[in-house]
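J.: give me coordinates for this.
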Amino acid sequence: MNNTSIEELLSTDGATEPVVSRRDFVKGGVSGAAAISLTAMASKASAQVAYTDDYGPIAPVNDDTTGLPLIALPEGFSYKTFGWRGQPMVDGNLTPGGHDGMGVVASKGSRIALVRNHELTNSSIRMNCPAEYNPAVAGGTSNLIFDALSGQWIASYASLTGTIRNCAGGKTPWGSWLTCEETTATNNGYNHGWVFDIPGFGAATAQPIKAMGRFSHEACAVDPVSDYIYETEDARPSAFYQFRPNQPNNPSAGGSLYALKVVGIDDFVFGDGSSYPSFANGTSWDVEWVLADDPEALDGRVFNSAPGRASFSRGEGCWYDSGKIFFVSTDGGAARQGQVYVYDPRRETLTMIFESTGSSDIGNTTADNPDNIAVSPRGGILMCEDGGSPCRLRGLTPTGGSFIFAENVINLSAGDIAHADFELNASGNIIDNVNPGNYVGQEWAGADFHNEWLFVNIQTPGITFAITGPWNKGAL
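T.: The predicted structure follows:
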């Protein structure tokens, strides 16, 4: 850590840029990089790839920050933790728990800004910051600064508070993070269930973007070609939404909300909480969009105001890459263990590219309720599991299979925590409010790649990881 001030971190002076990779702004087709990626598989391309499906066996690896063996990784990979629950931030706040969705959204030179969700309603740790929506609740976001050149964590600070269950969200082409409330609660006279826009650098506001809908939000993804924003809904049943803003790069200026519909079939069921159809990998449907005419529904059932819309079971992770939108139905499919879909806005098609056959470790077609997803700079898809013990990060292969990339092995004794306190204290960051216990079944969330780094969270006890290693040896 250094003496970076909160004023410096909030400043938008200097060369502040949105963080977008060369894969993000593909206009008019699939890029050459995508031709060897899973996006090519989604469009049924037959590219020859020059990587293996996985990185080999995994084993526990000691954290470079604390010295503790927190996660298992393939040979050659290492990691640094930061932002533990209870770790002091540069603005005087303690870091809350409930680490969930997260994205790398902006940069100043080699320093990159991440925005991280805290999926909380109430907590013994509540952040204080000027951007406050409802003073009675404790959810929100914090920003983290990482130097991608030196590979060092720099600082963190509170950016939004007073929201409920900030679950996932999505990064934007204008250098911010759309954080989503996974609730439709009314608390202390405030309606919840909104999306808020949080800049990577600069001060946020606590103004909800009501035109994007009031429902149990999960994640979203921005298509930089059309400026449309796609949203998932964590409910049974749920819709897959498309928000058409009135102004580019400014969803706060309003717009119209639509839901996906299968052409020629009203109320098509991909999953709805009582029916869980199974589809072969590569199954495709022609789709269109129907207006949701009650986006601010008091009951949170915007779904019901879009006639003929298709239904999914628990829409979760959502990601834009190379002209396509990937999203997850976390308990979809006959095994109720998860599906991954890709929407092609140029062709107006929806394709299912992965359906988990079960939660078993045996075989390469399994995943245990994938939740957040991310596409790597090399085109591989990473899934964060929200089920099973231990919880894992899984990669998807170009043939529609899966492999284990990382495993949660956090089992902390009181002595471990004391050791971690000592290690972190050397740089002025003592963790507090972390209890001894076995956390191996706690979910992964908030994955995002930036160059040679993968950033990801484990929700409880609340830890952020920066992972690096020989990515080019495998499918990620």
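
J.: the strands in the stretch 351-476 of the chain, which residues?
T.: 370-375, 381-385, 392-396, 402-408, 411-412, 437-438, 444-450, 453-458, 463-468 (DSSP state E, counting those that start in this stretch).

J.: residue 214 is nearest to which of the ones you listed?
T.: strand 370-375 (21.9 Å; CB to CB). (Glycine included, C-beta is placed from N, CA and C.)

J.: quick one: the closest one to strand 453-458, angle?
T.: Taking axes from the mean of the first three to the mean of the last three CA atoms, to 10 degrees, one finds strand 370-375 and strand 453-458 inclined to each other by 170 degrees.

J.: make CSV out of the strands of the stretch 351-476 of the chain and add mean neighbour count and distance to residue 65.
T.: Below are the strands of the stretch 351-476 of the chain laid out as CSV (neighbours: other CB atoms under 10 Å; distance: least, CB to CB, whole Å):
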stretch, mean neighbour count, distance to residue 65
strand 370-375, 28, 22
strand 381-385, 29, 21
strand 392-396, 26, 19
strand 402-408, 24, 17
strand 411-412, 16, 14
strand 437-438, 14, 20
strand 444-450, 24, 18
strand 453-458, 24, 14
strand 463-468, 24, 9
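
J.: got TSV for those strands, with mean pLDDT and distance to residue 243 too?
T.: Output for the strands of the stretch 351-476 of the chain, formatted as TSV (pLDDT from 0 to 100; distance: least, CB to CB, whole Å):
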stretch	mean pLDDT	distance to residue 243
strand 370-375	94	20
strand 381-385	95	23
strand 392-396	94	27
strand 402-408	94	31
strand 411-412	94	41
strand 437-438	96	40
strand 444-450	97	21
strand 453-458	98	26
strand 463-468	98	29
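
J.: output those strands as TSV; include the columns distance to residue 240.
T.: Formatted as TSV, the strands of the stretch 351-476 of the chain follow (distance: least, CB to CB, whole Å):
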stretch	distance to residue 240
strand 370-375	14
strand 381-385	18
strand 392-396	19
strand 402-408	22
strand 411-412	38
strand 437-438	36
strand 444-450	20
strand 453-458	24
strand 463-468	29
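
J.: ok, residue 234 touching residue 181?
T.: No: in this structure residue 234 lies outside contact range of residue 181 using CB atoms under 8 Å: 10.6 Å.

J.: what's the end-to-end length of stretch 165-180?
T.: 8 Å (CA to CA, to the nearest Å).

J.: contacting residues for residue 125?
T.: Each residue near residue 125 by CB atoms under 8 Å, 6 or more residues apart in numbering is listed here: 85-86, 94-97, 138, 433.

J.: next one: residue 206
T.: Residue 206 neighbours (CB under 8 Å, 6+ apart): 131-133, 160-163, 196.

J.: which one of those residues is nearest to residue 145?
T.: residue 160 (16.4 Å).

J.: so that closest one, which state does it fall into?
T.: State at residue 160, reduced to three classes by DSSP: H, G, I helix; E, B strand; the rest coil: strand.

J.: how about the contacts made by it?
T.: By CB under 8 Å, 6+ apart, the neighbours of residue 160 are 129, 131-133, 140-141, 166, 179, 196, 198, 204, 206.

J.: picking that back up, between the strands of the stretch 351-476 of the chain, which one is closest to residue 78.
T.: For residue 78, the closest of these is strand 463-468, at 6.2 Å, according to CB to CB.

J.: quick one: strands adjacent to that closest one?
T.: Looking at strand 463-468 with DSSP bridges, its partner strands are strand 78-82 (antiparallel), strand 453-458 (antiparallel).

J.: compare these and give me the one nearest residue 342.
T.: strand 453-458 (21.2 Å).

J.: what residues does the closest one touch?
T.: By CB under 8 Å, 6+ apart, strand 453-458 touches 70-71, 99-100, 102, 104, 114, 116, 146, 148, 151, 374, 376, 382, 384, 391, 393, 408, 410, 439, 442-449, 463-468, 476.

J.: show me what contacts residue 157?
T.: By CB under 8 Å, 6+ apart, the neighbours of residue 157 are 6, 9-10, 89-91, 93, 129, 142-143.

J.: one more time with 10 Å
T.: 4-6, 9-10, 89-93, 95, 127, 129, 142-145 (CB atoms under 10 Å, 6 or more residues apart in numbering).

J.: out of the strands paired with strand 463-468, which gets nearest to residue 352?
T.: The closest of the strands paired with strand 463-468 to residue 352 is strand 453-458. By CB to CB, the value is 25.0 Å.
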